[in-house]
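K.L.:
Need coordinates for the following:
(chains A and B)
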Amino acid sequence: MRGARHPHSHPRTYVKWGACAAAVALMASGCGGGSGSGDSGAVLSASWGDPQNPLEPANTNEVQGGKVLDMIFRSLKKYDPETGKAENMLAEKIATSDSRNFTITIKSGWKFSNGEAVTAKSFVDAWNYGASLRNNQRNAYFFGYIAGYDKVHPDSGTQTASTLSGLKVVNATTFTVKLNQKFSTFPDTLGYPAFAPLPQAFFKDHAAWVKKPVGNGPYTVESYTRGSQMSLRTWDGYPGTDKARNGGVDLKVYTDNNTAYTDLMAGNLDLVDDVPAAQLKNVKSDLGGRYINTPAGIIQTLAFPFYDPRWNKPGMEKVRKGLSMAINRDQITDTIFRKTRTPATDWTSPVLGEDGGFKKGLCGSACAYNPAEARKLVKKGGGLPGGQIKITYNADTGSHKEWIDAVCNSINNALGNDKACVGRPIGTFADFRNQITGHKMPGPFRAGWQMDYPLIQNFLQPLYYTNASSNDGKWSDKDFDHLVDQANAETGTAKAVKKFQQAEEVLRDDMGAIPLWYQNGSAGYSDRLSDVRLNPFSVPVYNEIKVG
Amino acid sequence: MGRYVVRRLLQMIPVFVGATLLIFLMVNVMGDPIAGLCGERQCDPATAAQLKREFGLDKPVWQQYLTYMGNVFTGDFGTAFNGQKVTELMATAFPVTIRLTLVAIVFEIVIGVTLGVVTGLRRGRPVDTTVLMFSLVVISVPVFVTGLLLQLLLGVEWGWIKPSVSTDATVGELIVPGLVLASVSLAYVTRLTRTSIAENRRSDYVRTAVAKGLPRRRVIVRHLLRNSLIPVVTFIGTDIGALMGGAIVTERIFNIHGVGYQLYQGILRQNTQTVVGFVTVLVLVFLAANLLVDLLYAVLDPRIRYA
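P.N.:
As a prediction, the model looks like this:
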């Protein structure tokens, strides 16, 4: 789902003239808002972006819609905001003996905010809806592991079944899931919003539901003006343990996050969860301790067009490794990103934790800046194809141009050639994606990944497995595929992680993609708020925020 | 007069078709919008194919255009990617932008024409020089600088206004954004009126009016101003369209969810339906405003008659 473009793809971009706002806002010292006594009924306002797709759980694949789903839905599992570990939420028990057939028991007593009980059927109906081709759900492939998916969602032609044969309701609180392959960590993926249960109201009057979604989370939607504001209020009848500690949240759509930041400075807004790049240098003086900058499950890489024989011939791995060593990650993350990125030393993310598969330094010397060695390796590998590399990126969102130029500078300096590397901007993200899927990349290109769920599997399989959904560079390695298959078939998490890490080493030895840096989530808040933090998906944990 | 209007309306048809066709082609040239809908991941082919079918993107461009135009004539502007009807988007966006434009036009007329008359009658005096200097500054400073500066001073430093406009976008909230939007045109209106007044002051009919012994006020308002306003009206008329379409920057700065916002969002997401729909309406506004201006000439200048 959340491809890593999203951290940059908020409808607000950092345009050049945003810098003016930065310069002026620098002088702004006053931060409005008075502090009063704690008030669990007080409502906070937070910045938002217009969700790209209708707000259905299986149709939301970006952060902005994800924020809302996170507030109004609770699924079988929930990822701990601190550790990212999947913990049972609605699930009483998820049992399996063969990593393929799962029996899921849900806790009783859960209700949707319209009073309807959450039952096994609520899940099975929702998943069937999400998987079915005719519903156009962007996240349908998440159900691709469930048996019968090829019938309800064939690659071409019309579907021959309307429900997944692998899903069976046993009784009100139990259902079984049969997968089409072994997938030991399947239960840990169930915290993903696409797996949320849906009330019958969703199916009966779909148009009305989309206008005002009803879920089973700690908040309910009070009003929703599409494209501008959503008011969420605490649901008093919420049966979970993570009840909201405030009265509600007003999400306001901002076209430009510089305006949101200005509003925060003026006391007109309480929480900005994406501090504009232009403001990073004054955020400390503006907000003091009310600025957070914590790791998120996002990694930025440079991918290569392996469908182009020039990049796929033997010896090119030396060139790729050389390029990786020519990039001064420390300097770029310090000066351009002001430490909102951390130089990457593996292909996963620190939010996974050591137990989850993050291994600091797995990349080793290949990710360390070493211009002399870089020059040697590129030469040994036969030099750059065509004497020059062009790094392709989309110029419409994010501050991609700045860092791509910096990466190229670093490479040019290391290789002692002013023309070794240039940026190749593409006007829009859609066109960028088009050229990628059309295999039209002339050289390395920007690739980013925001995890769907905090598992090492999610950082490797969709991106580097042969013909996987996000393997844009078409990198392919039999050993890697084999190790991933083995890892998925393992029954214990620790053993699976070990196999995945072995696969990652295969990826390293061929330098299938250059890891650049791990991305952080950032937020700033007014002095009315306390207990603000971001979860590993860089979404604020709204229900924990205290107002006043 | 009636025949003239009919002729003008008929002339609008080729302009309208040409303009929409151009926009349609331009948005299409940007490539396949579906590719941008699935984030950093390739849309699964079946869903992509179905979305394309639903949005009619699997057909050749000329056919898409014909279908689209056919629908437009029945009032159906299509559906945006987020599932909202484009007409629904228009219903929320246009009232906001029209309010903003009206505020801006009122500023242009009231301040611009007043300053123009005052300076035109007192050419070379200190007040004239001051206003000229000031208008030069306003013209040369880009709108986003004026906007951001006012936003910071009035919104953050002095706390007189809220830096951003709420969902309701009431007229009161739109005063500062309206002033920002109007600023450059306002300066032009001032200069146009000034030149025109200064020129006409020496004309025969003004001298006659003065010689007849008419009160000074009547000479200025009825005779001098009425004749001097023709270039100003032309300017303001064409400016209506420019203000509505050009509000993108101002709307962004003050977070106003109007036409500019929808267009920006539409372009970013390559949403053909939204972009073409909004621009089509803007083209219509342009054409209507132009016609209105031409008709106003006859009212202002008795010598002009349409047949």
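K.L.:
what's the weakest-modelled helix or strand in chain A?
P.N.:
Across the helices and strands of chain A, mean confidence by mean pLDDT, DSSP states H and E is lowest for helix A:18-25: a mean of 36.
K.L.:
And for B:Gly159, nearest residue in space, chain neighbours not counted?
P.N.:
A:Ala266 (6.9 Å; CB to CB, 6 or more residues apart in numbering or on different chains). All C-beta spots, glycine's among them, are computed from the backbone N, C-alpha and C.
K.L.:
and the one you found, how many neighbours?
P.N.:
By other CB atoms under 10 Å in any protein chain shown, 25 other residues sit near A:Ala266.
K.L.:
ok, which stretches of the stretch 151-300 of chain A are strands?
P.N.:
A:167-171, A:174-178, A:219-225, A:229-234, A:248-253, A:271-272, A:291-303 (DSSP state E, counting those that start in this stretch).
K.L.:
Can you add distance to A:Pro515 and give the ones you listed back as CSV?
P.N.:
Conversion of those to CSV gives the following (distance: least, CB to CB, whole Å):
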stretch, distance to A:Pro515
strand A:167-171, 37
strand A:174-178, 34
strand A:219-225, 37
strand A:229-234, 36
strand A:248-253, 33
strand A:271-272, 29
strand A:291-303, 5
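K.L.:
Compile the ones you listed into TSV and extend it with columns for distance to chain B.
P.N.:
Shown next, in TSV, are the strands of the stretch 151-300 of chain A (distance: least, CB to the nearest CB, whole Å):
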stretch	distance to chain B
strand A:167-171	19
strand A:174-178	20
strand A:219-225	6
strand A:229-234	5
strand A:248-253	7
strand A:271-272	12
strand A:291-303	10
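K.L.:
check contacts around B:Leu115.
P.N.:
B:131, B:135, B:190, B:193-194 (CB atoms under 8 Å, 6 or more residues apart in numbering or on different chains).
K.L.:
Name the residues of the helix or strand bottoming out on mean pLDDT in chain B that are buried.
P.N.:
Every helix and strand of chain B was ranked by mean pLDDT, DSSP H and E. The lowest is helix B:45-54, at a mean of 81. If you call a residue buried by 16 or more other CB atoms under 10 Å in any protein chain shown, then helix B:45-54 has these buried ones: B:46-52.
K.L.:
What about chain A: which of the residues you listed touch it?
P.N.:
The residues of the buried residues of helix B:45-54 that also fall near chain A, by CB under 8 Å from any CB of the partner chain, are B:46-47, B:49-51.
K.L.:
Kindly indicate which of those lies nearest A:Val210.
P.N.:
Nearest to A:Val210, judged by CB to CB, of those is B:Leu51 at 16.8 Å.
K.L.:
The spatially most central residue of chain A bridge partners, please.
P.N.:
Nearest to the mean C-alpha position of chain A, by CA atoms, centre = their mean, lies A:Gln450 at 2.8 Å. In this entry, A:Gln450 is beta-bridged to A:Ile298, by DSSP bridges.
K.L.:
ok, now A:Lys93?
P.N.:
Bridge pairing for A:Lys93 - DSSP bridges - gives A:Thr105.
K.L.:
if I read this right, it contacts A:Thr105, doesn't it?
P.N.:
Yes: using CB atoms under 8 Å, A:Lys93 is in contact with A:Thr105, at 4.6 Å.
K.L.:
contacting residues for A:Thr96?
P.N.:
A:102-103, A:187.
K.L.:
same deal with B:Leu102?
P.N.:
Taking CB under 8 Å, 6+ apart, one finds B:Gly178 in contact with B:Leu102.
K.L.:
That one: helix or strand, and which one exactly?
P.N.:
Using DSSP states H and E, B:Leu102 sits in helix B:86-107.
K.L.:
tell me how far that helix is from the chain's mean position?
P.N.:
On the basis of CA atoms, centre = their mean, to the nearest Å, helix B:86-107 sits 10 Å off its chain's mean C-alpha point.
K.L.:
Could you do stretch A:453-463 as well?
P.N.:
Remark: stretch A:453-463 is offset 11 Å from the chain centroid, using CA atoms, centre = their mean.
K.L.:
quick check, it touching chain B?
P.N.:
Yes: contact between stretch A:453-463 and chain B, assessed by CB under 8 Å from any CB, occurs at A:Pro462.
K.L.:
Contacts made by that stretch with the rest, please.
P.N.:
A:79, A:84-86, A:185, A:188-189, A:191-192, A:297, A:299, A:347-349, A:351-352, A:356-358, A:447, A:449, A:451-452, A:468-471, A:484, A:487-488, A:496-497, A:500-501, A:503-504, A:507, A:513, A:536, B:41.
K.L.:
Now do the SS call for B:Thr170.
P.N.:
For B:Thr170, the assignment made with DSSP: H, G, I helix; E, B strand; the rest coil gives coil.
K.L.:
Ok, B:Thr130 next?
P.N.:
helix.
K.L.:
what pLDDT does it get?
P.N.:
Note on B:Thr130: pLDDT of 92.
K.L.:
out of A:Lys93 and A:Thr105, which sits in the busier spot?
P.N.:
With neighbours defined as other CB under 10 Å, A:Lys93 and A:Thr105 compare such that A:Thr105 has more, 18 against 12.
K.L.:
Tell me who's in contact with that one.
P.N.:
By CB under 8 Å, 6+ apart, the contact set of A:Thr105 is A:91-95, A:173-174.
K.L.:
List only buried entries from those.
P.N.:
Applying 16+ other CB under 10 Å to the contacts of A:Thr105 flags A:91, A:94, A:173-174 as buried.
K.L.:
Any chance of the contacts of B:Leu115 in TSV with distance to A:Cys363 and neighbour count as columns?
P.N.:
Below are the contacts of B:Leu115 laid out as TSV (distance: CB to CB, whole Å; neighbours: other CB atoms under 10 Å in any protein chain shown):
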residue	distance to A:Cys363	neighbour count
B:Val131	66	19
B:Ser135	60	23
B:Thr190	64	28
B:Thr193	69	25
B:Arg194	69	26
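K.L.:
hmm, back to that, out of the contacts of A:Thr96, which touch chain B?
P.N.:
Contacts with chain B are made by none of those, judged by CB under 8 Å from any CB.
K.L.:
Name the surrounding residues that touch stretch A:213-223.
P.N.:
Contacts to stretch A:213-223, defined as CB under 8 Å, 6+ apart, come from residues A:55, A:68-74, A:90, A:110-114, A:118, A:196-197, A:199, A:201-202, A:212, A:224, A:229-235, A:238, A:240, A:242-244, A:248-249, A:542-543.
K.L.:
Span of that stretch from start to end?
P.N.:
Distance across stretch A:213-223, first residue to last, is 10 Å (CA to CA, to the nearest Å).
K.L.:
Quick one: mean pLDDT for that stretch?
P.N.:
Averaged across stretch A:213-223, the pLDDT comes to 95.
K.L.:
how far is it from where the chain is centred?
P.N.:
That offset, for stretch A:213-223, works out to 23 Å (CA atoms, centre = their mean).
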